[in-house]
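Q: Got a predicted structure here, sequence first:
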Amino acid sequence: MDLIEVTNLRKSYKDHVAVEDVSFSVEEGEIFGILGPNGAGKTTTVECVSGLRRRDGGQISVAGVDPGRDRDRLRRILGAQLQSSQLPDRIKVWEAMDLYASFYPDPADWPELLDLVGLTAKRNAMFAKLSGGQRQRLSVALALVGRPRVAVLDELTTGLDPQARRDVWELVERIRADGVTVLLVTHFMEEAERLCDRVALIDGGRVAAVDTPAGLVAAVDDEQEVSFRPSSPVDEAILLALPEVRAVERSGARLVVRGSGNLAPAVTLALAEHQIVPTDLRIEQANLDDAFLAITGKKLIP
Amino acid sequence: MMKILAVETKLQLREWPGIAFTAGLPLALLLVLGSMPGFSEIKPELGGQSLNDTQMPAMMTMLALLTLAFTVLPTTLTAYRERGVLRRMSTTPVHPARVLAAQLVINLAIAALSTLLLIVCARLVLGTVPPRAPVAFALVYLLGTAALLAMGLVVAAILTNSKVAAPVGSVIMFPLMFVAGMWIPRELMSPVLRTIGDFSVAGPFAQALRDTWAGNAPQLPHLAVMAGGLLVFGGLAVRLFRWE
């Protein structure tokens, strides 16, 4: 059974409709991504799922609980890390963990949780002294301290440097390994591709598509490009003979091969049969950015 | 709840310079001004009291209370709202109203301690006799402080920016101090001004503090205005307060 079901969700604010019509379902144990540009309605959607906002229409069920009706039960099964929500400057890491653990009937062992997010060494540090990545990891730990079945993580890595971002990604994968279902909001294509089992593309308050990242990309455009510098001259005919290859071009010392399917393995195999080594090999494939552009006609990050 | 109170107390103590100033300034003013010639002279226009008997200690008590209610409390709460501290808590099974309750308790405790310190120091340095009707004084103190904190909560409810909380709080606080008699003792005010002051919560509070300090019973209209203020502003705060 699906752990989260959202059907025809609708939410408008005073002056505009934030969520027009959003439906998706999340299976237990998966990392489900909600990907879309700023202002697409991602945050409003998860705020309704988290019981922080009252929806205007549609149905939501989180493990059988309606977030609009039974907030108390929801709070015990859903932990949320909110976009740009902070803690008081002078609270220490361990105090925040200890305090939030006291809010739940059956909390996780928080020192263990601090270990999981890699903040044990910082347990006596004040919130104000933490780096952006450390704050986000603490925030994730706080979302998990009540042993939730669902963790909602909103714009987790916005504003983090690449290393901190990768650390947080690893953390999210570990959470999933512990059996927690993750609902992840992001506008980073790379983040969704790396982490999510399935992704809902949201644009203008509507779901444009739901699929695995690979499925979304494949449905859009199968065109790939492989380029390399051959170690010795190549007869283009041996490449054009491959069913995957559509065109071969020379660009200076490089060969550019266009095609589809398992293009890169087919080309390298054919080259190997002729004792040619493709040096400086580059593969370019469509990614979720391209998929988003093709499906909605808009760029993910303008 | 005890844990929230404990953590909030620790957080407040880590901001000790602010608290030290809030409690220390009125105390210093009382001791310095009160030691000047004339402040301990009996004045017929004060009904046979000296300034140091009830006017000065009650006014300095008010100064500390008004500062807590109109700058310290609104600044903390608007900052909590602004930074998403309250919103974050609303994702847990515990309602953020508990943080608010903890803040009120802490502010009340700081107020009580600073007033106690003021009473003791006034006795030791200026020879001011401590409140002669201690029970009535304590009850008046509780009622008036609660009403002022409720007014401070309304300020915290209306403002969205923590940086303007203290300035806006001061703008409200100074007229209140004026009608309470900070610069002109209430006995010397024109009848019009005194009547305006009678409806300001701060005015009746100051008068009731002075009355009980001198050993008299507080006047019923004063208690009624304070209780009314507590109800009206408490109700407004509950209606207007936003958690995010």
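A: All right, it came through fine. Numbering: from 1, shown residues only, chains lettered A, B, ... in the order given.
Q: now residue 182, what's its secondary structure?
A: All of this refers to chain A. strand (DSSP: H, G, I helix; E, B strand; the rest coil).
Q: please go with chain B instead
A: coil.
Q: Nearest residue to it in space, please, no chain neighbours.
A: For residue B:182, ignoring the flanking residues on the chain, the nearest one in space by Cβ to Cβ, 6 or more residues apart in numbering or on different chains is residue B:59 at 5.2 Å. C-beta coordinates here come from the backbone N, C-alpha and C atoms, glycine included.
Q: The chain: helices as residue ranges?
A: Defaulting to chain A. Under the criterion DSSP state H, chain A contains helices at A:42-49, A:71-77, A:93-101, A:110-116, A:132-144, A:162-177, A:189-195, A:213-220, A:236-240, A:263-273, A:288-296.
Q: That was the other one, I meant chain B.
A: Under the criterion DSSP H, chain B contains helices at B:2-14, B:16-34, B:56-67, B:73-82, B:85-89, B:97-121, B:134-158, B:162-180, B:191-198, B:202-213, B:220-240.
Q: and the gap between residue A:126 and residue B:134?
A: In this structure, residue A:126 and residue B:134 are 41 Å apart, going by Cβ to Cβ, to the nearest Å.
Q: returning to what we had before: most tightly surrounded among the helices of chain B?
A: helix B:202-213 (a mean of 27; mean count of other Cβ atoms under 10 Å in any protein chain shown).
Q: relative to helix B:134-158, how tilted is it?
A: Relative orientation of helix B:202-213 and helix B:134-158, computed by axes from the mean of the first three to the mean of the last three Cα atoms, to 10 degrees: 160 degrees.
Q: For chain A, which residue gets nearest to chain B?
A: Chain B sits closest to residue A:85 of chain A, with a gap of 3.0 Å, by Cβ to the nearest Cβ.
Q: Contact partners for the closest residue to that residue other than its chain neighbours?
A: Distance criterion Cβ to Cβ, 6+ apart; nearest residue to residue A:85, sequence neighbours excluded, is residue B:84 at 3.0 Å. Counting by Cβ atoms under 8 Å, 6 or more residues apart in numbering or on different chains, residue B:84 makes contact with A:82, A:84-86, B:244.
Q: Check the contact between the residue nearest to residue B:182 and residue B:206; I expect there is one.
A: Yes. The pair residue B:59 / residue B:206 is scored as a contact, 6.8 Å apart, by Cβ atoms under 8 Å.
Q: Identify the contacts common to these two.
A: Here residue B:59 and residue B:206 share the contacting residues B:180-181, scored by Cβ under 8 Å, 6+ apart.
Q: now the helices of chain B as a markdown table including mean pLDDT?
A: Output for the helices of chain B, formatted as a markdown table (pLDDT from 0 to 100):
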| stretch | mean pLDDT |
| --- | --- |
| helix B:2-14 | 92 |
| helix B:16-34 | 91 |
| helix B:56-67 | 95 |
| helix B:73-82 | 93 |
| helix B:85-89 | 91 |
| helix B:97-121 | 94 |
| helix B:134-158 | 96 |
| helix B:162-180 | 92 |
| helix B:191-198 | 91 |
| helix B:202-213 | 95 |
| helix B:220-240 | 95 |
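Q: Just the buried residues of stretch B:118-134, please?
A: For stretch B:118-134, burial by neighbour count (16 or more other Cβ atoms under 10 Å in any protein chain shown) applies to B:118-119, B:121-122, B:126, B:128-129, B:131, B:133.
Q: so how far is residue A:245 from the residue most central in space within chain A?
A: The centroid of chain A falls nearest to residue A:192 when counting by Cα atoms, centre = their mean (2.9 Å). Note on residue A:192: its distance to residue A:245, by Cβ to Cβ, is 30 Å.
Q: need the contact list for the residue lying closest to residue A:189 once chain neighbours are set aside.
A: Once flanking residues are discounted, residue A:189 sits nearest to residue A:288: 4.1 Å by Cβ to Cβ, 6+ apart. Residue A:288 is in contact with A:35, A:189, A:192-193, A:199, A:213, A:216-217, A:300, counting by Cβ under 8 Å, 6+ apart.
Q: What is the burial count for the residue lying closest to residue A:128 once chain neighbours are set aside?
A: Nearest residue to residue A:128, sequence neighbours excluded (Cβ to Cβ, 6+ apart): residue A:89, at 3.8 Å. Neighbours of residue A:89 under the rule other Cβ atoms under 10 Å in any protein chain shown: 14.
Q: Got phi/psi on residue A:89?
A: Residue A:89 adopts backbone torsions of phi -50, psi -40, taken as degrees, to the nearest 10.
Q: residues touching residue 90, list them.
A: With no chain named, the answer covers chain A. Going by Cβ under 8 Å, 6+ apart, the list of residues near residue A:90 reads A:126-128, B:11, B:14-15.
Q: that's the wrong chain, I wanted chain B
A: By Cβ under 8 Å, 6+ apart, the neighbours of residue B:90 are A:52, B:96, B:243-244.
Q: Looking at the residues you listed, spot the one nearest residue A:226.
A: residue A:52 (47.1 Å; Cβ to Cβ).
Q: before we move on, the earlier item: can you redo the helices of chain B as CSV with distance to residue A:278?
A: As requested, those are exported to CSV (distance: least, Cβ to Cβ, whole Å):
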stretch, distance to residue A:278
helix B:2-14, 61
helix B:16-34, 67
helix B:56-67, 75
helix B:73-82, 56
helix B:85-89, 52
helix B:97-121, 62
helix B:134-158, 67
helix B:162-180, 60
helix B:191-198, 90
helix B:202-213, 84
helix B:220-240, 69
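Q: so which of these gets nearest residue A:43?
A: With Cβ to Cβ as the criterion, residue A:43 lies closest to helix B:85-89 of these, at 12.2 Å.
Q: ok, that closest one near chain A or not?
A: Yes. Counting by Cβ under 8 Å from any Cβ of the partner chain, contacts between helix B:85-89 and chain A involve B:85, B:87-89.
Q: quick check, nearest of those residues to chain A?
A: Closest to chain A, out of all of the residues of helix B:85-89 next to chain A and judged by Cβ to the nearest Cβ, is residue B:88, at 4.4 Å.
Q: Surely the closest one and residue A:84 touch.
A: No. Look at residue B:88 against residue A:84 with Cβ under 8 Å: they stay out of range, at 10.3 Å.
Q: quick revisit: can you say which of the helices of chain A is packed in most?
A: Of all the helices of chain A, helix A:42-49 carries the top mean neighbour count, a mean of 25, counting by mean count of other Cβ under 10 Å.
Q: and that helix, how far from the chain's centre?
A: Remark: helix A:42-49 is offset 15 Å from the chain centroid, using Cα atoms, centre = their mean, to the nearest Å.
Q: Show me what that helix is packed up against.
A: With contacts taken as 3 or more Cβ pairs under 8 Å, 6 or more residues apart in numbering or on different chains; DSSP states H and E, helix A:42-49 sits against strand A:2-12, strand A:17-27, strand A:31-35, strand A:57-62, strand A:150-154, strand A:181-186.
Q: Mean pLDDT, mean neighbour count and distance to residue B:160 added to those, as TSV?
A: Listed next are the helices and strands packed on helix A:42-49 as TSV, based on pLDDT from 0 to 100; neighbours: other Cβ atoms under 10 Å in any protein chain shown; distance: least, Cβ to Cβ, whole Å:
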stretch	mean pLDDT	mean neighbour count	distance to residue B:160
strand A:2-12	93	19	22
strand A:17-27	93	19	20
strand A:31-35	94	27	28
strand A:57-62	93	18	29
strand A:150-154	93	24	21
strand A:181-186	93	25	24
